[in-house]
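# 3D, please:
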Amino acid sequence: MTALPLGLRPRGLTWSVLTTNRTVLRIYLACLALGGVTLLAAYTFGGRLGDALAACGVPDPPCTVDVIRARGAYEFLTVFAGGAIAYFPVAVAAFAGAALVGRELENGTASLAWTQSLSPARWLATRLAVPAVLLVAGMAVLTPLYRWVFLSGHSPNPPSWFKGEGFLVGGPTGTAYVLFGLVLGATVGLLVRRTLVALTVAAVVTGLTQALGHVYRPDLWPVVTRTGPWRETHPPIDAQIVERGGITPSGERFDLATCFEGPVPPTNGISECFAQRDAQSYVDFHPSSHYWPLQLVETGIVLGLAAGLTAAAFWLLRRRLP
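Below is the predicted model of the structure:
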């Protein structure tokens, strides 16, 4: 095979980052393709499940078998695709900490590049910018595809909008966490300068950050509160219930579990407990209309953290220069 003339060969820092991480790039492209195929397969089985359920006017053995098969395939693909994309930032952080920065510093490749008229700041900027563009481009494909598959009305049993995987993959928050994982991994790699240590620390911290986001997400936007008789305060079926209990005329709230404490629990359950305390029921919840406010607030917070880590990475690079 004839080699390209020197003037036509790809050159520059971008090409250097791509060639030195070509194996990871191939894996990434393969994962993108697998994610797209999985989502399209989920769309297909979702349609089959909907058709099977529509045909089940009266349950009979053949119809039941069709529903079970279609539901099993659909639910497996839903969990697999949603989980893999939602927690992709953990893998990104591990890659950034280990291969993108940590390995380069550990084996001295970065120091060699800095002696060849390449400034450390430019070296780091390229190693952040090139993967960031590729990652955002990939998420720009998978996120709309996920929304089309599960949130377009075609799916007979879409994931709950507030559940971890569905929330992260269905909006910009997932992309924000991917960028956060990239910058965090690079910062950890600069800090520890050891491949395996950087990989482990970056992955664990990114996973913990996503877990904290899941825990505190309901607090990012004001909840809707309903009060009244116990049987009249049920929120919409698609709402995320944040807190539920009883409220006395003085405004003091109490947990429903307290109704069943003591030696003689009420015989008529919660209704009798409320009557004894002259209390009403209350429920704090997020309706589905809060999806985008919660998405945008969490996205802003995560991108702010990523920006802070980017500044910290460049500051740390300057401090670590010989």
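# Who are the packing partners of the helix or strand harbouring residue 190?
Using DSSP states H and E, residue 190 sits within helix 172-192. Helix 172-192 sits against helix 88-95, helix 103-106, helix 120-151, helix 164-169, helix 195-216, helix 291-320, with contacts defined as 3 or more CB pairs under 8 Å, 6 or more residues apart in numbering; DSSP states H and E. From N, CA and C alone the C-beta is placed, and that goes for glycine too.
# want to throw those into JSON lines with mean pLDDT and distance to residue 240?
Listed next are the helices and strands packed on helix 172-192 as JSON lines, based on pLDDT from 0 to 100; distance: least, CB to CB, whole Å:
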{"stretch": "helix 88-95", "mean pLDDT": "86", "distance to residue 240": "22"}
{"stretch": "helix 103-106", "mean pLDDT": "65", "distance to residue 240": "42"}
{"stretch": "helix 120-151", "mean pLDDT": "86", "distance to residue 240": "16"}
{"stretch": "helix 164-169", "mean pLDDT": "84", "distance to residue 240": "10"}
{"stretch": "helix 195-216", "mean pLDDT": "89", "distance to residue 240": "12"}
{"stretch": "helix 291-320", "mean pLDDT": "92", "distance to residue 240": "9"}
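# Any idea which of these gets closest to residue 187?
Closest approach to residue 187 among the helices and strands packed on helix 172-192 (CB to CB): helix 291-320, 4.4 Å.
# So which elements touch that closest one?
Judged by 3+ CB pairs under 8 Å, 6+ apart, the packing partners of helix 291-320 are helix 120-151, helix 164-169, helix 172-192, helix 195-216.
# List of residues touching the last one?
I take that to be helix 195-216. Identification of contacts with helix 195-216 by CB atoms under 8 Å, 6 or more residues apart in numbering yields 86-87, 89-94, 96-99, 101-103, 106, 164, 168, 173, 177, 180-181, 184-185, 188-189, 191-192, 298, 302, 305.
# mind checking the SS state of residue 38?
helix (DSSP: H, G, I helix; E, B strand; the rest coil).
# Excluding sequence neighbours, find me the nearest residue to it.
Closest residue in space to residue 38, ignoring its immediate chain neighbours: residue 81 at 4.5 Å, by CB to CB, 6 or more residues apart in numbering.
# Tell me, how many residues neighbour residue 249?
9 (other CB atoms under 10 Å).
# do the same with the one 3 residues further on
Here the number of neighbours of residue 252 (other CB under 10 Å) works out to 10.
# How about residue 194?
Neighbour number of residue 194 under other CB under 10 Å is 18.
# go on, residue 278?
9.
# Setting aside sequence neighbours, what's the nearest residue to it?
The shortest distance from residue 278 to any residue other than its chain neighbours is 6.0 Å, reached at residue 249 (CB to CB, 6+ apart).
# Perfect, I'm done here.
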